[in-house]
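Asks: Structure, please.
(one chain, ligands or ions: 1)
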Amino acid sequence: MDQQILDQLAEDMLSLVKNEEPSQQNIGVGGAELILEFVQKPGVKDSLAKLDIEKKVRLWGSRGSGMQILLHGADTPKQGSPHDHGRSWALYFQVSGVTEMSSYDRIEGIPGRPGRAVLEKIQQTNVTPGNAMFFGPLVIHATQHSKPPARWIRVTGTDLDYVERLRFSIERQEAVIEKKYS
Ligand SMILES: [Fe+2]
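Replies: Below you'll find the model as predicted:
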């Protein structure tokens, strides 16, 4: 992967939110356009396809802080549990295959807090190649990949491994704090 075009992508993404709060308009639309241009550059799709998605693939960003550009993938069927990204925003951009994305409202429990949580699914969207979905802070969502393989780029406002966020169990009707490192 050519570091220079990744640096350029990151710089362009960051410039979108230099003087504005991250939003559907700037990151959700403008950011998705930038990533589309990025993946359409010669050789980029092939380079992405060759990366080993079993490990965490950080395309751009510094561990622990600041915006992160990550590559994720599913080579076998996967179903993720509902979660939020704490105070961070995120943009999911589909490179290949399909991400079945569900969004939820928390109809019981305190927003952003662990404990009792009853979720109601409010939207399900198939995110297909070239398309993206933006999530602001605390928005609850879950991914499913029932027809792998799939590859997607996820851009987050900060390194989520260092952010306190929630993971939800629909069966147990509860939210627990997830934080890898402090
Ligand atoms: Fe997420």
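
Asks: what's the spacing between stretch 108-122 and its chain's center?
Replies: Its chain's C-alpha centre and that of stretch 108-122 lie 20 Å apart, by CA atoms, centre = their mean, to the nearest Å.

Asks: now for the least confident helix or strand in the chain by mean pLDDT, which elements pack on it?
Replies: The helix or strand with the lowest mean pLDDT-type score in the chain, counting by mean pLDDT, DSSP states H and E, is helix 44-50 (a mean of 93). Applying 3 or more CB pairs under 8 Å, 6 or more residues apart in numbering; DSSP states H and E, one finds that helix 44-50 contacts helix 32-39, strand 90-96, strand 150-156. Any C-beta I mention is one placed from the backbone N, CA and C, and that applies to glycine too.

Asks: closest to F168 out of the ones you listed?
Replies: Among the helices and strands packed on helix 44-50, the nearest to F168 by CB to CB is strand 90-96 (16.0 Å).

Asks: what is the orientation angle of that closest one with helix 32-39?
Replies: Strand 90-96 and helix 32-39 meet at an angle of 40 degrees, taking axes from the mean of the first three to the mean of the last three CA atoms, to 10 degrees as the criterion.

Asks: Pull the residues that contact strand 90-96.
Replies: Applying CB atoms under 8 Å, 6 or more residues apart in numbering, the contact partners of strand 90-96 are 27-28, 31-32, 35-36, 39, 45, 48-49, 71, 99, 101, 127-135, 143, 149-157.

Asks: Show me what whatever helix or strand comes next after it pairs with in its sheet, parallel or antiparallel.
Replies: Downstream of strand 90-96, the next assigned helix or strand under DSSP states H and E is strand 99-108. The sheet places strand 99-108 alongside strand 118-127 (antiparallel), strand 140-145 (antiparallel), with pairing taken from DSSP bridges.

Asks: so how far is strand 99-108 from its chain's centroid?
Replies: Distance, centroid of strand 99-108 to centroid of chain: 14 Å (CA atoms, centre = their mean).

Asks: This completes my enquiry, with thanks.
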